[in-house]
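Novice: could you look at this predicted model? Sequence included:
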Amino acid sequence: FCGLARALDVVGDRWNLLIVRALLTEPLRFNDLAGAVGPIATNLLATRVRQMEAAGIIERRVGERGVLHG
């Protein structure tokens, strides 16, 4: 249950779920992700992306010019 509880803590937020949903279909650049997620402030989106990246949920591939993968 600890793993499940940890996963829900990370992706349980509304914006986090929308970010993961957008990245499930294809890798996106930050601006494209912002457009796919909806009306979210860019600083909040950046914070959520960093949190999920630190948790290992998404990854940024620098060689692909900042493309995010879910």
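Specialist: On my side now, so go ahead. Residues are numbered from 1 along each chain as shown.
Novice: so I40 is in which element?
Specialist: Using DSSP states H and E, I40 maps to neither a helix nor a strand.
Novice: report the contact partners of it.
Specialist: Counting by CB atoms under 8 Å, 6 or more residues apart in numbering, I40 touches W15, L18, A34. Quick note: C-beta positions are derived from backbone N, CA and C, even for glycine.
Novice: among those residues, which are located in strands?
Specialist: Among those, DSSP state E puts none in strands.
Novice: can you put those in TSV and add pLDDT?
Specialist: Conversion of the contacts of I40 to TSV gives the following (pLDDT from 0 to 100):
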residue	pLDDT
W15	90
L18	91
A34	95
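Novice: of all those, which comes closest to A55?
Specialist: Taking CB to CB as the measure, A55 lies nearest W15 of the contacts of I40, at 14.2 Å.
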